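> I'd like to go over a predicted model; first the sequence, then the structure.
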Amino acid sequence: MISPDLPITKSSEDKLNRESFAESLANVILQSTFPTSFTVGLYGAWGSGKTSLLNMVIEQVEHRNTDVVILRFNPWLCSDPKQLITQFFKQLASAIKIKKPTADSVCELVDQYADLFDAASLIPYAGGAIAAAGKMFTTKARNRMKRKSNDMQGQKDEIIRTMVKENLKIIVSIDDIDRLSEEEIIAVFQLVKALADFPNAVYLLAFDYDVVVRALATVQHGDGREYLEKVIQVPFEIPAPSMASIHDALFSKLNGILGDIPDSRWDKATWAELFQYGVKNYIKSIRDVIRYSNVFYLKYQLLQEETDPIDLLGLTCLQVFEPAVYSTLNNYKDMLCGSISGYSYERQHTDEEKIKKAISDIFSDGIAANDKAAKRILGILFPKTKVALEHSYSFGRYYDYRKFLIHCNIAVPECFDRYFSLSLGDDAIPTATMRNIIYEANESEVVTNITQLYQDGKIIRLLEEIEAYANKGDSKNIPAERATILTRCLCRMWSSFEVEEKGFFTVPFAWRLLFCVDPLLEVVDTAERFSFLRGIFEDKTVNPPILALLLQDFETQHGRYTDKGSNEDKQAISLDELLELEPVFKSRCIDAIDSGTALSQYGGLNFLWMLSQLDEELVKHIKETLVTDDISLAKVISYCTSRGKTAVRLVVETRQVNKETLSEFIDVAEAYRRIGIFVTTREFLRLPTENQKDVIAFIIAMKRDENNSPTEGLVAEDAIKNELQKILDAIQLIEV
């Protein structure tokens, strides 16, 4: 689909409705006879389609009359005026020989005529001859010039007589004359006017009128127009194509690139605004169409499934026509992406001022060729900037994170970089992979894909995508059978995900399960929903901590065990159904304790709070009997340990053991005594590393309490690692 910036070669490629003119001109040329040469001038600026029009005229001539001698002469291939003239006649002789093999005499005469110019040290120009390098003529030189001029004229007369006899019709097209040097331009017109003004020879000359007039002014002492009028019998100013034709050509190109793009990926209203207020202002010629569509094609082929096509069209427009603006955008990601969502008027006002400053920097010093159009495009691509660009709220789109994430819009921070790097970021998930997981893969394949994404460190991004798809619009587009597969897989796999929660405002990882499951359950028919959920609660591969998450969510929806009231609109199941799930959950928790699996898995005790709401005495008994051995005690300490970040002079990762919670299981001082002995034994090495770190955090915190430390039980991760390494080294020394 890449289009070289080349003229069309045949009428069938015409997009600007010039075929009828080409047909008419071809008919006039073929139906007329001329006693001397006849010259048509096609005037047009660079990129106006002169060459395409020439090609169509020649095509029409060849189609109607196969006997016409046609020479497409390219003066660009010549290095100087002398070679230009010589080569013209050499090529003319060859063209005649190819078209009229029987006209040997004409070919020979024209070839000899070329040799005369090749041998001459003087090349005649308008009204006489000009010496090379401005040398002064001697009398001998003047006589030699006169003899050669007589020889040339005689040779030319012989050519004319022979051409008339052979009844030859010659059409010569000479293009891009305005790109030649002044001397070469003058040589071309002297050639047409005097040296090759043969009968029935039609010259089609294409050039920029103003450029040629300036060059010819050196011949006519400042009046190039007068000279041009003597050479051109039919001047024709190529009209600029209609904007409608140019835009139709653009749409045709884009249709070919995009193909049958689904309606879900093409926002007609957004494209209408982007084109009308932005792109349209830059597309002025077919050359603009070619440049724009070529760049878009290359970018779209690289990431067609990973970008929004309309956003890519908008950004490409800035890249091609506003390169100074485009080159700065990558530096303003934070200011362009997302939305303004300040929690106070003052904060919102501050954010708006920052965005205005960024826009001012991007469009500094009249950097944009079309300031208004470029800003309109920016406002559509990045809704956050509308306030800074003073666009009305009815202009462009409203930012919707979930919708924009699914469509890979540029205004989403996670998608922004790929529009510039043309590759997916390290944390990105290919759209094809996501769609396969959401809509196509069987249950086994879903598990395999999720496992791989978890191993690649992309589990949070995956959950954000699933949440976005599940919340996509009012009409839920995930079928019920797909929702049940996704829910079941997530619940079964959740205990295997160990994810560190980073940042002060990080969403707790456990919540992400509910963010996905709640909207997925909405698409399951209410008559089948409870049966499906009961199956989840009875599924031995779904661990009790996951069931506790789900059950607490359902209880909260009914206003149970929370300060909040019930929310009937969000209730996944009825109260009676909820009460049926509670004993199933209780039974699963008891099994996990009795079998020891609750302590064998990381976070395996995280069901105790929910269980205590249902049966406080049972949980009290469990806590009293759970710490009978040191491994179990260490697991309980881990259960009572939280992780986070603390800002003092620097932001550091910390752990903190909740001693109040631990005291529900065992006397804290007794736990400290037992753990102090336990960490000196090889049995300590049986614990997973994270459990070991929690135990060390507890020991350090207890030591600090003995020394009246003011850190309130918070222990920095670095301190934990250092102390753990000392203990491990000590154990190794004991063994040796």
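Great, that's in hand. Residues are numbered from 1 along each chain as shown.

> So the residue nearest the centre of the chain versus residue 214, what's the distance?
In the chain, the centroid-proximal residue (CA atoms, centre = their mean) is residue 419; its distance is 3.3 Å. To residue 214, residue 419 is 44 Å away according to CB to CB, to the nearest Å. All C-beta atoms are positioned from the backbone trio N, CA, C, and that covers glycine.

> Is residue 71 part of a helix or strand, or is it coil?
Here residue 71 is strand, with the state taken from DSSP: H, G, I helix; E, B strand; the rest coil.

> surely it meets residue 168?
No. Using CB atoms under 8 Å, residue 71 makes no contact with residue 168, being 11.7 Å away.

> which residue ranges form the helices in the stretch 601-736 of the chain?
Assigned by DSSP state H, counting those that start in this stretch, the helices in the stretch 601-736 of the chain fall at 608-614, 616-625, 630-639, 659-662, 668-678, 689-706, 717-735.

> Contacts only, for the closest residue to residue 597 other than its chain neighbours.
Nearest residue to residue 597, sequence neighbours excluded (CB to CB, 6 or more residues apart in numbering): residue 604, at 6.6 Å. Applying CB atoms under 8 Å, 6 or more residues apart in numbering to residue 604 gives the contacts 495, 543-545, 592, 597-598, 635.

> The same query, at a cut-off of 10 Å, please.
Residue 604 makes contact with 495, 543-545, 592-593, 596-598, 635, 638-639, according to CB atoms under 10 Å, 6 or more residues apart in numbering.

> what's the answer for residue 450, then?
By CB under 10 Å, 6+ apart, residue 450 lies in contact with 437, 441, 458-459, 462-463, 466, 486, 489-490, 492-493, 496-497.

> Over to residue 174?
39, 54, 71-75, 88, 180, 188-189, 191-192, 203-207.

> now those residues: which count as buried?
Among the contacts of residue 174, those classed as buried by 16 or more other CB atoms under 10 Å are 39, 54, 71, 73, 75, 88, 180, 188-189, 191-192, 203-207.

> Low-confidence ranges, the stretch 501-650 of the chain, go.
Residue ranges of the stretch 501-650 of the chain with pLDDT under 70: 501-506, 645-650.

> mind checking the backbone torsions on the residue nearest to residue 597?
Dihedral angles phi and psi of residue 604 (degrees, to the nearest 10) take the values phi -70, psi -10.

> Next, work out how far apart it and residue 512 are.
In this view, residue 604 and residue 512 are 19 Å apart by CB to CB.

> Which neighbours do residue 71 and residue 168 have in common?
With CB under 10 Å, 6+ apart, residue 71 and residue 168 have common neighbours 96, 99, 201.

> all helices for the stretch 351-500 of the chain, in order.
Along the stretch 351-500 of the chain, counting by DSSP H, counting those that start in this stretch, helices occupy 371-381, 386-389, 401-406, 413-416, 418-421, 431-435, 443-455, 459-470, 480-493.

> List the buried residues of stretch 265-277.
Of the residues in stretch 265-277, 267, 270-271, 273-275, 277 count as buried by neighbour count, 16+ other CB under 10 Å.

> my bad, stretch 320-340
For stretch 320-340, by 16+ other CB under 10 Å, it's 320-322, 324-326, 329, 332, 335-338, 340.

> hang on, the earlier thing: please list only the buried members of the contacts of residue 604.
Those of the contacts of residue 604 that meet the buried threshold are 495, 543-545, 592-593, 598, 635, 638-639, by 16+ other CB under 10 Å.

> Now flag whichever of those is closest to residue 577.
Closest approach to residue 577 among those (CB to CB): residue 544, at 19.3 Å.

> what's that closest one in contact with, if anything?
Contact analysis of residue 544 by CB under 10 Å, 6+ apart lists 495, 537, 551, 585-593, 597-598, 601, 604-608, 610-611.

> Repeat that for residue 529.
Residues in contact with residue 529 (CB under 10 Å, 6+ apart) are 480, 483-484, 521-523, 572-574, 577.

> part of a helix, is it?
Yes. Per three-state DSSP, residue 529 lies within a helix segment.

> Kindly provide the distance from it to residue 664.
Distance of residue 529 to residue 664, given as CB to CB: 36 Å.

> for residue 189, same thing?
104 Å.

> ditto for residue 519
Distance from residue 519 to residue 664, by CB to CB: 36 Å.

> returning to what we had before: residue 356: which of the helices of the stretch 351-500 of the chain is closest?
Taking these one by one with CB to CB, helix 386-389 is closest: 4.2 Å.

> Please list all residues in contact with residue 734.
Contacts here follow CB under 10 Å, 6+ apart; on that basis residue 734 touches 680-682.

> Over to residue 115?
Neighbouring residues of residue 115 by CB under 10 Å, 6+ apart: 86, 89-90, 155.

> Please identify which of those residues is nearest to residue 429.
When the contacts of residue 115 are compared against residue 429 (criterion: CB to CB), the nearest one is residue 90, at 64.4 Å.

> For that closest one, give me phi and psi.
Dihedral angles (degrees, to the nearest 10) for residue 90: phi -60, psi -40.

> One more: the one 10 residues further on?
Here is the backbone geometry of residue 100 (degrees, to the nearest 10): phi -130, psi 80.

> mind checking how far it is from residue 595?
In terms of CB to CB, residue 100 sits 102 Å off from residue 595.

> Same question for residue 69.
99 Å.

> the more surrounded of those two?
Neighbour totals were compared for residue 69 and residue 595, and residue 69 leads with 21 against 10 (other CB atoms under 10 Å).

> I'd guessed that one sits against residue 167; true?
No. The pair residue 69 / residue 167 is not scored as a contact, 11.2 Å apart, by CB atoms under 10 Å.

> returning to that earlier point: just the buried members of the contacts of residue 544?
495, 537, 551, 585-586, 588-590, 592-593, 598, 601, 604-608, 610-611.

> Return the subset of those lying in strands.
Among these, no member falls in strands (criterion: DSSP state E).

> Out of the contacts of residue 174, list just those in strands.
Secondary structure from DSSP E places 39, 71-73, 203-207 of the contacts of residue 174 in strands.

> Farthest pair within the residues you listed?
71 and 207 (17.3 Å).

> Tell me how many other residues crowd residue 223.
13.

> what's the spacing between the nearest residue to it once chain neighbours are set aside and residue 54?
Spatial nearest neighbour of residue 223, excluding adjacent residues (CB to CB, 6+ apart): residue 217 at 6.5 Å. Counting by CB to CB, the separation of residue 217 from residue 54 is 25 Å.

> quick revisit: report the lowest-confidence entry in the buried residues of stretch 320-340.
Within these, pLDDT reaches its minimum at residue 340, with 78.

> pretty sure that one is touching residue 356, no?
No. The criterion here is CB under 10 Å, and residue 340 misses it with residue 356 at 11.4 Å.

> Identify the contacts common to these two.
Counting by CB under 10 Å, 6+ apart, the residues touching both residue 340 and residue 356 are 385, 387-388.

> before we move on, the earlier item: which one of the ones in strands among the contacts of residue 174 is nearest residue 558?
The closest of these, once distances to residue 558 are taken by CB to CB, is residue 206, at 81.8 Å.
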